[in-house]
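# I would like the atomic coordinates for the input below:
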Amino acid sequence: MSAAAARRRKQQQKRAAAKSGGDDNDPIQLRLDSLLQDPTLPEEAVAYEALQLAQSAVRRNVKIGNFARAADVAYSTSLALLVKSGRVSVSSQLLAVLVQVLNETHTECTEEWVGRFSELDAAYRTALDKDGSMAADERGRLQRLHLQFLKKALKWSNDLGTVRFGATGMHALLGDHCWNMSCDEAVVGTEAERKELAAKIAAQNEEDDEELEDEDLDIGLRNEAVSHYALAEKVSIILEKLKSLPAPTAEEQTMGHICLPSQRDALLTRSILVLLAIENLRDARTLASSFLEEVETSRTPAELKKSYLDKTDGKAPSHIMFICMLVRICEKDTKTAPLFTWLVRNFGAELGTMYDPEVIKTYTTKIGRVYFNIQPPPSMMSMMENMMSQFGGGGMGGAPGGMNPAAMMQAMQAMQGGM
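Residues are numbered from 1 along each chain as shown. Below is the predicted model:
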């Protein structure tokens, strides 16, 4: 064989190896595999070398069309860096590459991949909690990075999966992470700082002339958490979270209060609105009835009904009574549209004090359209669909109409067979 023929044969073998993955002979992959087994992997320099090698291996596999291998390398290396090195900051960079590759290669969202994300999430939180020397600012930064990672993964599961609004398992992961962040002072600050921010949000709801950076506030994170739990159909988790929160204070129950409602009641209302907006009446009813039986023990259902329509007792209408009636109305037909309109408008002042009232308005607008064929204005329709597509929610929509308290009482008595 001539020297030229030998060279051509060698080049053909290299190309064939590249097309088949060629991991057994790929020096980058071999070095990466060696580093992931190296006892010095916890050292920062070694972990960063593994990161760079993994990024090169992923790019190479994408270039030669071996998409499954590219995603596997990003996943397995991220998990190894978290479990074996504990380097959260290093691994977070590769996690971002993983979501990017899944999107770029149009990899389908499967139950196996949802399980893999669950493994990565657990390993990330474990590694973060084990590092007792980490500064609070850095911990908060890494928590927010992970939140963005999970949101991008959820979007991928929505775009390339089969479940409307994204895989339920991804929503459950996001719900857990948002709730955990809301309890982490590295993210939300001290109790005094949270109270100060809550007061500013309440003032903003009144004046609405100032933009506040409140995405890390515990109220916002918990609202996001219960929304994801609702989309994950995790009603039992929502109920347990609500049980852990304090009952409303006297100020929060006062008629015409300007402060935010109690977190417990506001999160209940938001959860029910999300469930109804995505047409999950079964879980909405379960959550409402379970809350009434297990959590709201300060007043009987009869006392709650009486107070809801009594404008002289000085108490704000209760959230549990509002959502119980809302669920019962949604179980009827479109003829109850005037009752829905009256109920939402009557509770409008309370909805207006909730966190992010425009999102609340979007939810009630969607509910009015789905259950009662109440069509919003075109401008509101566009905003509603946009927010729902982002797993957001709404508020105080509905067409004009009226119903007096006596008629409302009659309707409530007719529904007593429900909740």
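
# CA only for contacts and neighbour counts going forward, please
Fine.

# low pLDDT regions in the protein?
Within the chain, the ranges that satisfy pLDDT under 70 run 1-24, 191-195, 197-216, 379-419.

# For stretch 110-120, buried residues please.
114, 117-118, 120 (16 or more other C-alpha atoms under 10 Å).

# got it, and stretch 161-180?
161, 165-180.

# what does that stretch rub up against?
Under the criterion C-alpha atoms under 8 Å, 6 or more residues apart in numbering, residues 108-110, 114, 117-118, 121, 147, 150-151, 153-159, 221-222, 224-229, 231-234, 389, 391 lie in contact with stretch 161-180.

# Ok, stretch 92-103 next?
Contacts for stretch 92-103 (C-alpha under 8 Å, 6+ apart): 51, 54-55, 70-71, 74-75, 78, 108, 142, 145-146, 149, 152-153, 156.

# Can I get the buried part of the residues you listed as one PyMOL selection?
The following PyMOL line selects those of those that are buried, judged by 16+ other C-alpha under 10 Å:
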select buried, resi 51+54+55+70+71+74+75+78+142+145+146+149+152+153+156
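
# Out of the contacts of stretch 92-103, which two sit at the greatest distance?
Farthest pair in the contacts of stretch 92-103 (C-alpha to C-alpha) is 108 and 142. Separation: 27.4 Å.

# are any of the contacts of stretch 161-180 buried, and which?
109, 114, 117-118, 121, 147, 150-151, 153-159, 221-222, 224-229, 231-234, 391.

# now, which of the residues you listed lie within strands?
Taking DSSP state E, every one of the buried ones among the contacts of stretch 161-180 sits outside strands.

# Identify those among those that sit within helices.
114, 117-118, 121, 147, 150-151, 153-159, 221-222, 224-229, 231 (DSSP state H).

# Spell out, range by range, the strands that occur in the stretch 201-350 of the chain.
Secondary structure of the stretch 201-350 of the chain (DSSP state E, counting those that start in this stretch): no strands located.

# ok, the nearest residue to residue 291 once chain neighbours are set aside - contacts?
What sits nearest to residue 291 in space, not counting adjacent residues and going by C-alpha to C-alpha, 6 or more residues apart in numbering, is residue 239, at 6.9 Å. When contacts are counted by C-alpha under 8 Å, 6+ apart, residue 239 is found next to 287, 290-291.

# rewinding a little: tabulate the buried residues of stretch 110-120 (a markdown table), appending distance to residue 303.
Output for these, formatted as a markdown table (distance: C-alpha to C-alpha, whole Å):
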| residue | distance to residue 303 |
| --- | --- |
| 114 | 46 |
| 117 | 47 |
| 118 | 44 |
| 120 | 48 |
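
# which one of the residues you listed is nearest residue 263?
Using C-alpha to C-alpha, the buried residues of stretch 110-120 come closest to residue 263 at residue 118, 28.1 Å.

# how close does the closest one sit to residue 375?
Distance, residue 118 to residue 375, using C-alpha to C-alpha, to the nearest Å: 40 Å.

# repeat for residue 288
According to C-alpha to C-alpha, residue 288 stands 26 Å off from residue 375.

# Looking at these two, which has the bigger crowd around it?
residue 288 (24 against 16; other C-alpha atoms under 10 Å).

# Nearest residue to the middle of this protein?
residue 228 (3.7 Å; C-alpha atoms, centre = their mean).

# What ranges does the stretch 201-350 of the chain have for its helices?
218-231, 235-243, 263-277, 281-294, 301-309, 319-330, 337-346, 348-352 (DSSP state H, counting those that start in this stretch).
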